[in-house]
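Undergrad: model this:
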Amino acid sequence: MNERRLLSAIFLLLALAFVCQAQQSPPWTIQGSTRQSQWESIGNTNYFTHGALLTNDTSMVTMDKGMENDLNGEVVAEGDVTILDHGHIWRGTNFIYNFKTGEVRADTFKSIQEPFSLAGSHLTGASNNVYTATNAVITTDDSSRPAYTIRAKSITIAPGQYFEAHHATLYWGRAPVFYFPYYKRSLGQHPNNWEFEPGYRSIFGPYLLSAYNWYGNGILDGTVHLDVRETRGVAAGPDLALHLGSWGEAAFRYYYADDQKPGADGLGNVPDLKENRQRLAFDYVVHPTTNLTIKAIANYQSDPLVLRDFFEGEFNTNIEPASFAEASQLWRNYTLNVLVQPQLVDFFETVERLPDIKLSGLRQQVGDTPLYYESESSVGYFERLFSSTNSLYYLTNYTLNPNGVFLMPTRTTNIPPSNYSAARADTFHQFTLPETLFGWLNVTPNVGGRLTYYSDVDGPAIHTNEQVRGVFNTGIDVDFKASRVYPDVDNSLLDVHELRHIISPEVDYAYLPAPTRSPSQLPQFDYQSPNLGLLPIDFPDYNDIDSIGEMDVVRLMLRNKLQTKRASGIQDLVNWAVYTDWNLQPGTNKPWGDMYSDLDFRPRTWLTLNSSTRYDMVSNRWREAIERVTIQPSTTWSLALSYDYLINNDPEFLTYPGENLPGHNLITASFYYRMNENWGLHILEQYEAQYGGLQQQVYSIYRDLRSWTASLMFRVTEGPGQPTDFTVALTFSLKAFPRFGMGSDSDRPGSQFSGPELTDSPNPYSRD
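TA: Numbers count the residues shown, from 1 in each chain. Down below sits the predicted model:
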């Protein structure tokens, strides 16, 4: 009897558990979509009126009214219904959708399967599998009255992959044009298409840039370029992308130009430019195991100006593309990095690393003590290789102003330094003791040391014996954060509703007595180069190993932040940081470093002001200023104004003695206006006040041609010591597969007038 009772009790508990499990909330959420939404539950069925929203991790359903069953996951939706499922969209008036299986049924529907719009009736199918429908209408024209459509008696859709139409007819307007018994189209990139761009540029003459894009079988795809420039000749080359799955991603790009007039723009004064000009770029990355990354990048150029002449967008981004191979392994407390960096071109300065192996110990607690330990040890063989010719040597010192227009420093001497090489082994270890005092004051003292070994230094004009340098460092970091809320603050002009003030002072002190070897006695491989920003004073953040010298400095920083509530949530009204260095070294002629200020001010959601300045407190002068104002009250128009100032010929910014590095005093205005749904206009003006002339002008007009977009662009660049260069370019592209969006040239106007990177190639190098 007792056994029967026990079995009965167990059975009852199992039954109750099953019922409780069945009554648990389904793995999707339900909520009203309007204030008038009403929701009633009867058993396992929920009934909705006046708007409802149902969501889970991959799907969303909105409706005017309907019902949902918690047990089988089926939703019957009526009215204005939208279903977002695994990235594709269904719209209509009556749908049956299943959250568990993804099945969709509808009498009539509309769907967006980028870049196509589809509509039809009698839709059935399951998410991420295959759908079927009848009486389908297909187009890439986003107009309410599309210029062309394909109408099919039946259609099969594989979302994100393809669609197949049976008994399809191509219509232009209402007129039938062509009949397809069977028609299949990819829903991915447009397969195997040509692109053309005619134009005129003063240094090219009339030109035609063309590209053929092909997408292969998912493993190999690419683009083949063929460009003709009337005064410069013919250029061509392939861009290839290899998708190897778990074996990684690779890309290869080659471009050859039979340049009939190299150096036509008169810039650079580079002699002996050959007519046979070429560039090669290779990129490979793979993740063989967790936390292991292997990367290889190779960049070869026949001369230092080939990127500037034919790949202007790339040149403005990176003047001297590096070549290296790198493997990085991450563990919980350590990282291992192996770097090999050869010199592939001899006209750019390079520090060869053959190899450079570094083991970094991340900051970690020492047992149960309050101490924390971090380290960094490296070993490698290095060779510093300067430019091979005096006439090209200055090219390593190009600078770009903030809008990508390059400025070339000149030199009073053309005698390059001699190359040299050595092996180096370096190890750094540091202990920190972070503490919080009084519950609010963070105090972090540190103490560390570094030992560096250099082998014999060999070079044509340099030779030193092996040597060892020791460095001792210590310091302390003190900071705290305080905040206060002002709930009664309300200002409609600044869109301020309540205010929170956060203040964060910080004092960072670093002390290094003189190392056992000064930087002038050591080979400079990892050296401190001129920098417009403030360099770190803490180790291991300061990583110019060979330039470490005596230091006794206090860094003072004050951060202020004002936050307020707005319609989009909590936003920063003001974010302002001010910082400088106080140099305590005896006998210094500059006890105070420059004062830096970084300010972001957002008085309205559509108005942003940014300011970054650098002020020399000893000489009482501004050394750098970057001011920005961005106005974007709607998608109809936007205006951006900026002022960029860099002091002229500042000796602290020069890489080599004898340089003459021009600064800039640049005013930029950028205006975009969407006149109506078919026309857009963009204007960019750059005025260089240092020499009193317009440095660059760009005028673009865009036309929406229903299924196509067209843009006509005109650019003029000029400056002291260079001829005026003007360009006219006409670009067409399918709206479904645009090369550039409206106004996209506002940030990189040079890319609109470049060579091969104008294409819509799948290759990762295809855009700057």
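
Undergrad: For the protein, which element, helix or strand, carries the lowest mean pLDDT?
TA: strand 406-407 (a mean of 37; mean pLDDT, DSSP states H and E).

Undergrad: And the helices in the protein?
TA: 2-23, 306-310, 312-317, 390-393 (DSSP state H).

Undergrad: average model confidence for the second one?
TA: Looking back up the chat, that one is helix 306-310. Regarding helix 306-310, the rounded mean pLDDT is 88.

Undergrad: I'd like to know which elements that helix is packed against.
TA: Using 3 or more CB pairs under 8 Å, 6 or more residues apart in numbering; DSSP states H and E, the elements in contact with helix 306-310 are strand 249-258, strand 276-286, helix 312-317. Heads up, the C-betas are built off the backbone N, CA and C, glycines and all.

Undergrad: in the stretch 201-350 of the chain, what spans have low per-residue confidence?
TA: 217, 264-272 (pLDDT under 70).

Undergrad: And the strands in the stretch 51-200 of the chain, which stretches?
TA: Remark: strands assigned in the stretch 51-200 of the chain by DSSP state E, counting those that start in this stretch are 52-55, 59-63, 65-69, 74-85, 88-98, 103-113, 116-126, 131-139, 148-158, 162-172, 175-186, 193-201.

Undergrad: Which one of these lies nearest to Asn446?
TA: When the strands of the stretch 51-200 of the chain are compared by CB to CB, strand 52-55 sits nearest Asn446, at 48.8 Å.

Undergrad: what pairs with that closest one, and is each one parallel or antiparallel?
TA: The strands beside strand 52-55 in its sheet (DSSP bridges) come out as strand 29-32 (antiparallel), strand 59-63 (antiparallel).

Undergrad: possible to save these as CSV with mean neighbour count, mean pLDDT and distance to Val578?
TA: What follows is the strands paired with strand 52-55, written out as CSV (neighbours: other CB atoms under 10 Å; pLDDT from 0 to 100; distance: least, CB to CB, whole Å):
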stretch, mean neighbour count, mean pLDDT, distance to Val578
strand 29-32, 14, 72, 46
strand 59-63, 21, 85, 46
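
Undergrad: and these as CSV, adding distance to Glu314?
TA: Output for the strands paired with strand 52-55, formatted as CSV (distance: least, CB to CB, whole Å):
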stretch, distance to Glu314
strand 29-32, 47
strand 59-63, 40
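
Undergrad: so which of the ones you listed gets nearest Gly475?
TA: strand 29-32 (51.4 Å).

Undergrad: List the contacts of the closest one.
TA: Under the contact criterion CB atoms under 8 Å, 6 or more residues apart in numbering, strand 29-32 has outside partners 37-39, 46, 48, 50-56, 68.

Undergrad: Now with 6 Å, please.
TA: Here strand 29-32 makes contact (CB atoms under 6 Å, 6 or more residues apart in numbering) with 53-55.

Undergrad: Whichever of the residues you listed end up buried, select them in PyMOL.
TA: The PyMOL selection below is limited to those of the contacts of strand 29-32 classed as buried (16 or more other CB atoms under 10 Å):
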select buried, resi 53+54
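
Undergrad: so which of the contacts of strand 29-32 comes closest to Leu451?
TA: Thr55 (58.8 Å).

Undergrad: roughly how far apart are the residue nearest to the closest one when sequence neighbours are not counted and Tyr691?
TA: Nearest non-adjacent residue to Thr55, counting by CB to CB, 6 or more residues apart in numbering: Thr29, 5.4 Å away. Distance of Thr29 to Tyr691, computed by CB to CB, to the nearest Å: 62 Å.

Undergrad: what do you get for Asp704?
TA: 39 Å.

Undergrad: what do you get for Asn491?
TA: 43 Å.

Undergrad: next one: Glu685
TA: Distance from Glu685 to Tyr691, counting by CB to CB: 16 Å.

Undergrad: repeat for Ile476
TA: 48 Å.

Undergrad: Surely Phe653 touches Pro530?
TA: Yes: contact criterion CB atoms under 6 Å: Phe653 and Pro530 qualify, at 4.7 Å.

Undergrad: Comparing these two, which shows the higher neighbour count?
TA: Neighbour comparison, Phe653 and Pro530: the larger count goes to Phe653, with 20 against 15 (by other CB atoms under 10 Å).

Undergrad: May I have the phi/psi pair for the spatially closest residue to Trp606 that is not a sequence neighbour?
TA: The shortest distance from Trp606 to any non-neighbouring residue, by CB to CB, 6+ apart, is to Pro633 (4.4 Å). Taking degrees, to the nearest 10, you get phi -70, psi -20 for the backbone angles of Pro633.

Undergrad: quick one: pLDDT of Pro633?
TA: Reported pLDDT for Pro633: 90.

Undergrad: residues near it, how many?
TA: Counted with other CB under 10 Å, Pro633 comes out at 12.

Undergrad: Then the one 5 residues further on?
TA: For Ser638, the count of nearby residues is 19 (other CB under 10 Å).

Undergrad: tally of neighbours for the residue nearest to it when sequence neighbours are not counted?
TA: Once flanking residues are discounted, Ser638 sits nearest to Gln632: 4.1 Å by CB to CB, 6+ apart. A count of nearby residues for Gln632, using other CB under 10 Å, gives 15.

Undergrad: right, and Gln632 touches Trp606 too?
TA: Yes: Gln632 is within contact range of Trp606, at 5.3 Å (criterion: CB under 6 Å).

Undergrad: residues in contact with Thr608?
TA: Thr608 neighbours (CB under 6 Å, 6+ apart): 602, 630.

Undergrad: Give the bridge partners for it, please.
TA: Under the criterion used (DSSP bridges), Thr608 bridges to Thr630.

Undergrad: so what's it scoring on pLDDT?
TA: 94.

Undergrad: ok, now which ones touch Asn446?
TA: Neighbouring residues of Asn446 by CB under 6 Å, 6+ apart: 430, 432, 475.

Undergrad: do that again at 10 Å, thanks
TA: If you count contacts by CB atoms under 10 Å, 6 or more residues apart in numbering, Asn446 has them with 372, 374, 430-434, 473-477, 509-510, 538-539.

Undergrad: Then Asn299?
TA: Applying CB under 10 Å, 6+ apart, the residues contacting Asn299 are 253, 279-283, 307, 314, 318, 320-324, 344-345, 348.

Undergrad: Do a quick rundown of the strands in the stretch 651-768 of the chain.
TA: Using DSSP E, counting those that start in this stretch, strands in the stretch 651-768 of the chain cover 659-660, 664-674, 679-688, 693-705, 708-719, 722-734.

Undergrad: quick one: Glu312 and Ile203, what's the gap?
TA: For Glu312, the distance to Ile203 - CB to CB - is 11 Å.

Undergrad: Neighbour count: these two, which is higher?
TA: The neighbour comparison of Glu312 against Ile203 (other CB under 10 Å) goes to Glu312, with 22 against 18.

Undergrad: And that one, how far from Arg715?
TA: 11 Å.

Undergrad: What of Glu78?
TA: With CB to CB as the criterion, Glu78 and Arg715 are 54 Å apart.

Undergrad: looking at it, Pro198 is touching Tyr207, isn't it?
TA: Yes: counting by CB atoms under 10 Å, Pro198 touches Tyr207, with 7.4 Å between them.

Undergrad: Asn473: how many residues sit nearby?
TA: 22.

Undergrad: Just list the residues touching Leu330, thanks.
TA: Contacts of Leu330 by CB under 10 Å, 6+ apart are 290-293, 336-337, 360, 362.

Undergrad: Relative to Arg353, which of those residues is nearest.
TA: Asn337 (11.0 Å).

Undergrad: got any ranges where the stretch 601-750 of the chain has weak pLDDT?
TA: Within the stretch 601-750 of the chain, the stretches with pLDDT under 70 are 654-661, 706-708, 733-750.

Undergrad: now do 50
TA: For the stretch 601-750 of the chain, applying pLDDT under 50 flags the ranges 737-750.

Undergrad: and the residue lying closest to Gln524 once chain neighbours are set aside, what does it touch?
TA: Distances taken as CB to CB, 6+ apart put Asp546 closest to Gln524, at 4.9 Å, once the chain neighbours are dropped. Under the criterion of CB under 10 Å, 6+ apart, the contact list for Asp546 reads 382, 424, 426, 452, 454, 469, 517, 519, 522-528.
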